[in-house]
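Trainee: with the sequence up front, the predicted model follows.
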Amino acid sequence: MRALFGALLRALPWLLLVSILFAGALYIGLNFVTPRYTAETKILIESGESEITRAGAGADEIRSLLDSEGVASQVQLIGSRDLATTVVDSLGLASLKEFNKPRFLPSFDQMLVRMGLGRPVAEGPLEERVLQRFADRLDVFSIDKTRVITVGFSSTNPQLAAQVANAVADEYLALEREARRSTNADATRWLESQIADLRNKVTTAEGKVEAFRTEHGLFSGGQNNTSLAQQKLNDLNTELARLVAARSAAEAKAATVRKSLSSGTTPDVPDVRDSQLIQRLREQQVALRAQIAQMSATLLPAHPRLRELNAQLADLDAQVRREVTRILQSLEGEAATARAREADIGQDLTRAKAATGQTNNDEVELRALEREATAQRDLLESYLKRYREASSRQDGNYLPADARIISRAAVPLEPTFPKKLPITAAATIALLLLAIAIILIRELTSGRALRRISVEPPPLAPTAVPVEDRKRWNEATPEVVPTLVAAGPALGRGLSAEAQDSLNSIVDHIVDSKARRVLISMAGPDEAGRPLAAVALARALSRRGNRVLLIDLHADGADSKAMAAGERLPGLTDLFAGIASFAQVIFRDRRSRAHLIPHGLLEFGPEAAKGERFVSILEALDQTYDQILLDADSDMALQMAPQAGAVILVTEGNPDDAGTTSAVEAMKAATFAEVMVLIATAPSADEEDATPEAAVA
């Protein structure tokens, strides 16, 4: 880097001189470039109809015109070839040298053809060349989040730029009006043909309705506009109800009169009370009784005069009784007549019901014909309404465009190209960067910038730092770990290379199955010292990036000595007894990121593994670690097997021997987790000499 910066400093005066000369020459050269002016006209897309003259334009049609797709479609229409041709012809642009002169420099396609990389194309006619120049200088775009379209045109003549921009906008509006006029005329002609056809259909449908009504006699009238059969049925029902009421009244009166006659009294019914004869007889009875009462005061009962008066009174009573009997017979005759009339009306009613049912069936078909005629009539009326609206617009020449000019182009005062200062600054900076890149590449290719350097080794950090009376190892610097030598059951033994390969396969299976609690136990007695399979498994899992915790449930402390390098450390038993916290019993492995909880200073039996406190401890650790390894003996392993997600049985012999087989069967009976067998063999002397850390790997 020092050599590169030195080369740049040496070339700095030349860089500045060349940059200044280039900037001055470019600025002066831009003064000779023909300036180009740009004029812009702005068009607002909106519905041209007012609320008064809008003819059936719904909200969906207006929304489709004003949405982003509708505005984009109008942009494409303004930039269309037909509109450009009309503007070019109306303004006579083909006669201007700006549009019809040939190119001074060949185009890119022509350059490719001259180099043999393209197919030669014949030069187009003058009209095509003019239209191409016109399209290159016309810029039409919509302003974001608005319905405003900007029409810009560039030209060397500022008046021409403004004139063309305004002409494009005016032609666009005229094209819109012409399109609406053409559409309206086509719609009018189509409506005329449809209306003529619909009139014939309506006449035919209405004729079918009337013919069917006449053929089946389906005439209607009355207040409710019901059919004649229905009216007759209603009249018969009314008459029948009247006769039933009259018969009931006559029978009730007759029963009352009959009862009065049997009891010897005069019945109190309207027919009897209203009888003129009975009224006169009663008057005579009253007069005779008064006369008898008067004479009885002076004459004896056997007197001829009294006997004569009593005989007259009895005769009057007999006449009253005969008159009442006649009225009774009249009432009974009325009841009989009403019953006979009821029977006749019942027969008429039955016939009327049958006729009404047939009429109803005919009316169903009649209503179908009427619906068809009504549908044709409604369609005809809607077409007539649209036709009248279209004709009035066509005759009145009222066809507004769905756009209006909100800002007409004015003659520009300053050119838009070239921008002398920005172009000069950008070109000068680009030249300067290119020159710097060339200088750096030249310096690198020369070999002067490539020199050998020496790097001093960094100082080693302390290997151990005491924290809370325990040792923690530095994670950044490697350290020399003492080799673990097999020295009896209390220390444990390492694994051979073959066993390490098998252990790696088990690690892959545990990671793939995402087992959280892994139980490790010997398949047989560990009297001659047990392999440190749990330590190797914890370190292998931690190298995969998992958060691993090994809980040593063996009282020999071999796992603790291999990982924490300490004796009589507080551990699980102290945490279980409540005399230590999690922070006091969790240690860091010296060779990996795995953590360890030693056995502890107290005793921990197999029955304690079933307690709720031990389960709570495991659940709390599950919140922090990905895998929890439980290294236990066979008795305690059987107690904790139901809580394990995977079980690993370590054996040093043949996996098919009786002891290993019985241990596997017993473990499968105690848990639903997968049971795996690891065959561990002790490392040979050559392996120990070649890899002294294999005992704890």
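Mentor: That came through fine. It should be emphasised that the depicted structure is a prediction, and the values quoted were computed from it without experimental measurement. Residues are numbered from 1 along each chain as shown.
Trainee: contact partners of the helix or strand harbouring Leu678?
Mentor: Per DSSP states H and E, Leu678 falls inside strand 674-679. Outside strand 674-679, the residues that touch it by C-beta atoms under 8 Å, 6 or more residues apart in numbering are 499, 502-503, 506, 509, 513, 515, 523, 533, 646-653, 655, 660, 664, 667-668. Where you see a C-beta, it was placed from the backbone N, CA and C, and this is true even at glycine.
Trainee: mind listing the helices for the stretch 501-650 of the chain?
Mentor: In the stretch 501-650 of the chain, the segments counted as helices under DSSP state H, counting those that start in this stretch are 533-543, 558-563, 572-577, 582-585, 612-622, 634-640.
Trainee: in the stretch 1-150 of the chain, which spans are strands?
Mentor: 37-45, 138-142, 148-155 (DSSP state E, counting those that start in this stretch).
Trainee: how far off strand 148-155 does the longest one point, in degrees?
Mentor: What separates the directions of strand 37-45 and strand 148-155 is an angle of 160 degrees, with axes from the mean of the first three to the mean of the last three C-alpha atoms, to 10 degrees.
Trainee: adjacent strands (with direction) for strand 37-45?
Mentor: Partner strands and pairing direction for strand 37-45 (DSSP bridges) are strand 148-155 (antiparallel), strand 403-407 (antiparallel).
Trainee: hey, C-alpha coordinates of it in PDB?
Mentor: This file holds the C-alpha atoms of strand 37-45, laid out as PDB (Å, rounded to 0.1, in the frame of the first residue of the first chain):
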ATOM      1  CA  TYR A  37     -34.400  23.100 -25.800                       C
ATOM      2  CA  THR A  38     -37.200  21.200 -24.200                       C
ATOM      3  CA  ALA A  39     -40.900  22.300 -23.800                       C
ATOM      4  CA  GLU A  40     -43.500  20.400 -21.800                       C
ATOM      5  CA  THR A  41     -47.300  20.300 -21.900                       C
ATOM      6  CA  LYS A  42     -49.200  18.700 -19.000                       C
ATOM      7  CA  ILE A  43     -52.500  16.900 -19.500                       C
ATOM      8  CA  LEU A  44     -54.800  15.800 -16.700                       C
ATOM      9  CA  ILE A  45     -56.800  12.600 -17.300                       C
END
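Trainee: pLDDT of that strand, averaged?
Mentor: The pLDDT scores in strand 37-45 average 92.
Trainee: could I get the buried residue list for that strand?
Mentor: By 16 or more other C-beta atoms under 10 Å, the buried positions in strand 37-45 come out as 37-43, 45.
Trainee: please apply the same query to the last one.
Mentor: Within strand 148-155, the residues that count as buried by 16+ other C-beta under 10 Å are 149-155.
Trainee: cool, the second one as well?
Mentor: By neighbour count, and taking 16+ other C-beta under 10 Å as the criterion, the buried residues in strand 138-142 are 138, 140, 142.
Trainee: returning to what we had before: can you say which of the strands paired with strand 37-45 is nearest to Ala594?
Mentor: strand 148-155 (67.9 Å; C-beta to C-beta).
Trainee: mark out where each domain of the chain begins and ends.
Mentor: 2-187+404-428, 226-396, 469-696 (automatic domain parsing).
Trainee: just name the most buried of the ones you listed.
Mentor: Highest mean neighbour count of the domains of the chain: domain 469-696, a mean of 18 (counted as mean count of other C-beta atoms under 10 Å).
Trainee: what's the average pLDDT for that one?
Mentor: 75.
Trainee: roughly how far out does it sit from the chain middle?
Mentor: 52 Å (C-alpha atoms, centre = their mean, to the nearest Å).
Trainee: quick one on the thing from earlier: of the buried residues of strand 138-142, closest to Pro415?
Mentor: Leu138 (17.6 Å).
Trainee: no further questions, thank you.
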